[in-house]
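> Here's my sequence, what's the structure:
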Amino acid sequence: QVQLVESGGGLVQAGGSLRLSCAASGRSFSMYSMGWFRQAPGKEREFVAAISWSGDNTDYTESVKGRFTIYRDNAKDTVYLQMNSLKPEDTAVYYCARQRGLVATPRRSEYEYAYWGQGTQVTVSS
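Predicted coordinates:
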């Protein structure tokens, strides 16, 4: 049984920073790519960032490039999302997810992900 638990969300002013964590339980965390997605009110869930099992490959949606950093600590079974220079449009519920198969390249489609956390709210005030 794979469980993903996000933490680190909260309320921050524009320009501020937050670090989200996603702790995984179950086996073989280090073998899978991981991703972060977000869903704003009234909008569909969207891809934010993903990282390969080794951490060597990362991918970001254009709107967060240069501001967000995804990284992982396989010894702790945890993936992180460091978010800097936050903007009000970053306000959303953020979800971490584990990719479905043993694919080396991190993917952007949510259909490539089999396990999801419960989400953590990030609110950026202007």
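> how near is Ala50 to Arg108?
7 Å (Cβ to Cβ, to the nearest Å). For every residue, glycine as well, the C-beta is placed using N, CA and C.
> can you check Asp73 too?
23 Å.
> Can you give me the distance of Tyr115 to Phe29?
11 Å.
> and the residue nearest to Gly26 when sequence neighbours are not counted, how many neighbours?
Excluding the flanking residues, the one nearest Gly26 by Cβ to Cβ, 6 or more residues apart in numbering is Val2, at 3.8 Å. Close neighbours of Val2, defined as other Cβ atoms under 10 Å, add up to 14.
> Which element, helix or strand, includes the residue most central in space within the chain?
Nearest to the geometric centre of the chain sits Trp36, at 2.2 Å (Cα atoms, centre = their mean). In this assignment (DSSP states H and E), Trp36 forms part of strand 34-39.
> ok now that strand, how far from the chain's centre?
Mean-position distance between strand 34-39 and its chain equals 4 Å (Cα atoms, centre = their mean, to the nearest Å).
> Report the buried residues of it.
Going by neighbour count (16 or more other Cβ atoms under 10 Å), the buried part of strand 34-39 is 34-38.
> Run through the residues that contact Leu81.
Leu81 is in contact with 19-20, 22, 36, 48-49, 68-70, 94, 96, counting by Cβ atoms under 8 Å, 6 or more residues apart in numbering.
> Also Lys76?
Counted by Cβ under 8 Å, 6+ apart, Lys76 has contacts Ala23.
> Checking it next. Helix, strand or coil?
coil (DSSP: H, G, I helix; E, B strand; the rest coil).
> wouldn't Ala40 be in contact with Thr91 here?
Yes: judged on Cβ atoms under 8 Å, Ala40 makes contact with Thr91 at a distance of 6.2 Å.
> And those two? Which one has more around it.
For Ala40 versus Thr91, neighbours defined as other Cβ under 10 Å are more numerous around Thr91 (18 against 14).
> where does this protein have low pLDDT?
Within the chain, not a single segment meets pLDDT under 70.
> Right, I'll call it a day here.
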